[in-house]
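S.K.: Quick one, structure for this:
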Amino acid sequence: MDSLTIAGLVVFILAVYVYRNVGRRPKDFPPGPPTLPILGNLHLMPQEKAHEQFTRWADEYGPIYSLIVGSTVMIVITSDQIVKDLFDKRGNIYSSRPSSYIGDIATNGLLMVAMKYGERWRNLRRLIQNHINAEVSKDYIPYQELERSSMLSGILDRPDRWEDLLRGFTSSSTSQMVFGWRSTSIDDPEMHQLVECVNGLSTIMSSPIAQMVECLPWLRYLPETLLPVKREARKHEEIEHALYKKHIKAVEHAVQTNTAVPCFSIKSLEAAKEGRVTETGAAYISGAVWGAGADTTYATLLGFVKAMILCPDVQLKAQQEIEKVCGQRMPTLEDEPQMQYLRGCVKESLRWFPTLILGFPHSNVSEDMYMGYRIPKEATVVMNIWGIHNNASRYPNPRAFDPSRYANDFQSAVQSSLDPDPSQRDHFSFGAGRRICQGMHIAERALFLVMTGLLWAFNIEAAEDEKGNKIMPDPLDIEEGFLAKPRYFPARFVPRSREKAEAVRVGWEKEVREKLDERGQWRSVPVGER
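M.R.: Residues are numbered from 1 along each chain as shown. Model prediction:
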């Protein structure tokens, strides 16, 4: 036997020894589906509707189970109590994120939601918390009210573009909060560049090959010719960097010329000058806040419109509550405490259609034991939000859209997330633990304003085909990705009366539009409610 053959045999034996346990589930791990050598459960991982399969596995293996995906250990949680025990009570362990090789290339490692737990992440979180907390963010309420008025007026004129107008509301109100400018048209290229940037990142990070790289880390060493997703990620990073840099430079110029309106980017620029973040980091954190605020709220509103078509009785009851409290005037945020059913509509929309249907995965910084099971260090810990939200013992008849579930729930989302009894939490769409969404109060305000405005002004109905048959949307038809959203469906928005239609037009033309200059931007700094 020559030396080359011996060397090859030694390498083979070493490889077998090193990888002998890859794909196997240790006996002290949480239970799960049977595994295959090397692959583990990789061959069982669904390519679509993963949330449904993960929930079926929870029914079979229990509220905490494990999946062995190549060299990755995935722990799946489908229990409110386990979420509380691990993410909330053991936040010092479970607040990190799993590695995201392709995601880091696509964002230069600056995507905060995917950043590992550590001092850099804590600094950025403090920056965000200081400037979009519940009190400070009241300064942004005029932005949301302005965009609601613009959206309602737009639906009167272009009801066929209702989906674009909902997108316009979330995108423009968020760009005002973050960058200090508003979109003046649903075809605004500046807005669509931001939307396409978020969608592009979602597509790259949720692609099967990007997920495969995390399960089989040796794939990352392949050249771009064999792993083109690396090239796509680098190209995305170039586009994203240039886009966010452009917008934050515009804010910097506005500050220097005393034309800036209150926005988050002013604070991120101040942090950069003080050395708390880099200039590039300031641009990225502003872009991340924009993406988080615009995309998730938009998807939730699409789910709400679908629910109103499918549940006309809920729509009628909500409209009756609006009429009782507001009469003929448009609802405002001041009406929220008197509208418990509408508050339930907000909460139920977030439960019925969670945009992060499997949450954003956590990772534990050290090995842990729970319920007698070992959870290895740096496992990917998934909160199966869809499964929790569709647990019939927690939410009877879970696929019914029923705002009355919350008839006696007077807590905000923030208060609910802090409730020591996890069974009393309203929903889990904003995440849990130290990685919980910091802008949930802003999202709740936006959802309440849009939902009440739409139901005050319009009846939301199913579209009809050429034969007059109603086109009913499928409640489970989902466009999957990093952030899920309902797949497109047609809808009709019918003004409830001529008086209401006129009130919408007057509200926009005489009460709101006059506050804007010839470019459609604020003439003077709007005054918030602080």
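
S.K.: Just give the number of residues close to the nearest residue to Trp386 once chain neighbours are set aside.
M.R.: Nearest residue to Trp386, sequence neighbours excluded (Cβ to Cβ, 6 or more residues apart in numbering): His51, at 3.8 Å. The way it works is simple: take the backbone N, C-alpha and C, and place the C-beta from them, glycine included. Other residues near His51 come to 21 when the count uses other Cβ atoms under 10 Å.

S.K.: The one helix or strand His51 maps to: what's the following helix or strand?
M.R.: Assigned by DSSP states H and E, His51 falls within helix 50-61. Downstream of helix 50-61, the first helix or strand assigned by DSSP H and E is strand 64-69.

S.K.: Measure how far the biggest helix by length in the chain is from the centre of its chain, please.
M.R.: Secondary structure of the chain per DSSP state H: the longest helix is helix 279-310. Its chain's C-alpha centre and that of helix 279-310 lie 6 Å apart, by Cα atoms, centre = their mean, to the nearest Å.

S.K.: can you pull the buried residues of the next helix-or-strand element following it?
M.R.: Going down the chain from helix 279-310, the next helix or strand is helix 312-326, by DSSP H and E. Neighbour counts over helix 312-326 (16 or more other Cβ atoms under 10 Å) mark Val314, Gln315, Lys317, Ala318, Gln319, Glu321, Ile322, Val325, Cys326 as buried.

S.K.: contacting residues around the fourth one?
M.R.: With contact set as Cβ atoms under 8 Å, 6 or more residues apart in numbering, Ala318 has these partners: Tyr341, Leu342, Cys345, Pro403, Met451, Leu455.

S.K.: who wins for most neighbours among the residues you listed?
M.R.: Going by other Cβ under 10 Å, Cys345 tops the contacts of Ala318 with 28 neighbours.

S.K.: just to revisit the earlier point, helices and strands around the helix holding His51, which ones?
M.R.: strand 64-69, strand 72-77, helix 385-389 (3 or more Cβ pairs under 8 Å, 6 or more residues apart in numbering; DSSP states H and E).

S.K.: can I get the CA coordinates of it in PDB?
M.R.: C-alpha atoms of helix 50-61 as PDB (Å, rounded to 0.1, in the frame of the first residue of the first chain):
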ATOM      1  CA  ALA A  50     -43.200  25.200   7.500                       C
ATOM      2  CA  HIS A  51     -45.400  26.700  10.200                       C
ATOM      3  CA  GLU A  52     -48.100  24.100   9.500                       C
ATOM      4  CA  GLN A  53     -45.600  21.200   9.600                       C
ATOM      5  CA  PHE A  54     -43.900  22.600  12.800                       C
ATOM      6  CA  THR A  55     -47.300  22.700  14.400                       C
ATOM      7  CA  ARG A  56     -48.100  19.100  13.400                       C
ATOM      8  CA  TRP A  57     -44.800  18.000  15.000                       C
ATOM      9  CA  ALA A  58     -45.700  19.900  18.200                       C
ATOM     10  CA  ASP A  59     -48.900  17.900  18.300                       C
ATOM     11  CA  GLU A  60     -46.900  14.700  17.900                       C
ATOM     12  CA  TYR A  61     -43.800  15.400  20.000                       C
END
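
S.K.: Go ahead and confirm the residue nearest to Trp386 touches Gly359.
M.R.: No - under the criterion of Cβ atoms under 8 Å, His51 makes no contact with Gly359, lying 10.0 Å away.

S.K.: shared neighbours of the two, which are they?
M.R.: The contact sets of His51 and Gly359 overlap at Asn384 (Cβ under 8 Å, 6+ apart).

S.K.: can you give me the strands for the protein?
M.R.: Taking DSSP state E as the criterion, the chain contains strands spanning 64-69, 72-77, 362-363, 368-370, 373-375, 380-383, 458-464, 470-471, 478-479, 485-486, 491-495.

S.K.: okay if I get those strands as a markdown table plus distance to Ser202?
M.R.: Formatted as a markdown table, those follow (distance: least, Cβ to Cβ, whole Å):
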| stretch | distance to Ser202 |
| --- | --- |
| strand 64-69 | 21 |
| strand 72-77 | 20 |
| strand 362-363 | 19 |
| strand 368-370 | 30 |
| strand 373-375 | 28 |
| strand 380-383 | 17 |
| strand 458-464 | 27 |
| strand 470-471 | 27 |
| strand 478-479 | 10 |
| strand 485-486 | 10 |
| strand 491-495 | 24 |
